[in-house]
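Peer 1: Next come a sequence and a model predicted from it.
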Amino acid sequence: MSSQQSSVLVVDDELSLRKVLRLSLAASGFAVEEAHNGEEALGTVRGHPFDLVLLDINLPGISGIDACRKIRGMSPHAGIVMVSVRDLEDDKVRALEAGADDYITKPFKLRELTARLRAVLRRTRQEEHEREALQAGNLKIDFQKRLLWRGEEEVHLSPTEFDLLAFMMKHPDAALTHVKLLRTIWGPEYGGELEYLRTYVRMLRKKIEDDPAKPKYILTEPWVGYRFHNPTGADSPAVAKAERADSFK
């Protein structure tokens with residue numbers, strides 16, 4: 001889906017900035033709505049879904065982080081980009097852990113913002129045409145339905161978490177570099193944002209590993225990147241062989 005068909009909710013307490021963003025994003029083909037704080041944003045999102053939410057981290061009342069977490073719960077497939085005046089790794093990690101897909105620092109160029117929004121759209125709109133699923137160990141992933149099971153339990157993943165795990169599972173036992181993963185999942189504009197990757201790997205490990213401190217699925221390749229390993233062994237048919245999606249619940 002192109003940006004001409006995409007809606008974005010701009011959440012910021014600065015009226016002048018909201019006006020600039022509305023005009024600029026509308027000129028780029030987005031359908032834009034505004035909210036001046038987190039409470040208004042939650043009410044607006046509850047009323048109807050958005051493709052994208054541009055959310056300031058420092059808001060009066062409910063914080064941007066809390067608003068992000070609640071919006072993610074209400075709209076699991078929306079793309080969320082957080083905005084802050086501080087370029088601190090801790091802020092980025094908090095935003096990503098709350099469910100944000102990306103993070104941009106003020107002041108930013110409108111061209112950069114638009115590129116990032118479109119990159120997020122590419123990820124959240126990505127469709128899997130395969131009617132296949134994969135199993136590795138006690139993990140089962142359904143690409144069409146975008147679902148993951150750990151044993152008999154369904155595991156909730158954000159769109160970016162799913163895309164990252166799906167890509168790694170499709171390339172078992174391959175050493176995937178940081179740059180390769182960033183550019184594949186986040187977009188060609190990325191490559192040096194290692195904190196993004198580390199944060200998402202840490203969150204995935206908490207969800208799929210028995211002991212996140214001693215992972216058996218997502219292994220670290222020192223100075224290189226990560227490797228997805230099937231703990232049941234390379235000879236297991238569950239590793240290399242795809243199963244039909246309708247074989248899963």
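Peer 2: Perfect, I can see it now.

Peer 1: Quick one: the helices in the protein, in order.
Peer 2: 15-27, 38-47, 64-74, 89-97, 110-124, 159-170, 178-185, 194-208, 237-240 (DSSP state H).

Peer 1: most tightly surrounded among these?
Peer 2: Comparing the helices of the chain by mean neighbour count (mean count of other C-beta atoms under 10 Å), helix 159-170 ranks first with a mean of 21. In this view, the C-beta of every residue, glycine as well, is placed from N, C-alpha and C.

Peer 1: quick revisit: let me have the helices of the chain in CSV, extended by distance to Ile141.
Peer 2: Listed next are these as CSV, based on distance: least, C-beta to C-beta, whole Å:
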stretch, distance to Ile141
helix 15-27, 34
helix 38-47, 28
helix 64-74, 20
helix 89-97, 21
helix 110-124, 17
helix 159-170, 6
helix 178-185, 15
helix 194-208, 10
helix 237-240, 11
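
Peer 1: Leu9 is nearest to which of those?
Peer 2: helix 38-47 (6.1 Å; C-beta to C-beta).

Peer 1: before we move on, back to that, how about the helices of the chain in a markdown table, adding mean pLDDT?
Peer 2: Formatted as a markdown table, the helices of the chain follow (pLDDT from 0 to 100):
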| stretch | mean pLDDT |
| --- | --- |
| helix 15-27 | 95 |
| helix 38-47 | 95 |
| helix 64-74 | 94 |
| helix 89-97 | 84 |
| helix 110-124 | 88 |
| helix 159-170 | 94 |
| helix 178-185 | 92 |
| helix 194-208 | 95 |
| helix 237-240 | 36 |
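
Peer 1: Of all the ones you listed, which one is nearest Glu221?
Peer 2: In terms of C-beta to C-beta, the element of the helices of the chain nearest to Glu221 is helix 178-185, at 9.3 Å.

Peer 1: what helices or strands is that closest one leaning on?
Peer 2: helix 159-170, helix 194-208, strand 225-228 (3 or more C-beta pairs under 8 Å, 6 or more residues apart in numbering; DSSP states H and E).

Peer 1: mind listing what Pro98 touches?
Peer 2: To be clear, residue 98 is Ala; Pro isn't right here. Residues near Ala98 by C-beta atoms under 8 Å, 6 or more residues apart in numbering: Ile65, Asp66, Cys68, Arg69, Arg72.

Peer 1: related to what we said a few turns ago, just send the helices and strands packed on helix 178-185 back as a markdown table, with distance to Val179 too.
Peer 2: Below are the helices and strands packed on helix 178-185 laid out as a markdown table (distance: least, C-beta to C-beta, whole Å):
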| stretch | distance to Val179 |
| --- | --- |
| helix 159-170 | 14 |
| helix 194-208 | 10 |
| strand 225-228 | 8 |
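
Peer 1: Skipping adjacent residues, who's closest to His36 in space?
Peer 2: In space, and not counting its chain neighbours, His36 is closest to Asp13: 5.4 Å by C-beta to C-beta, 6 or more residues apart in numbering.
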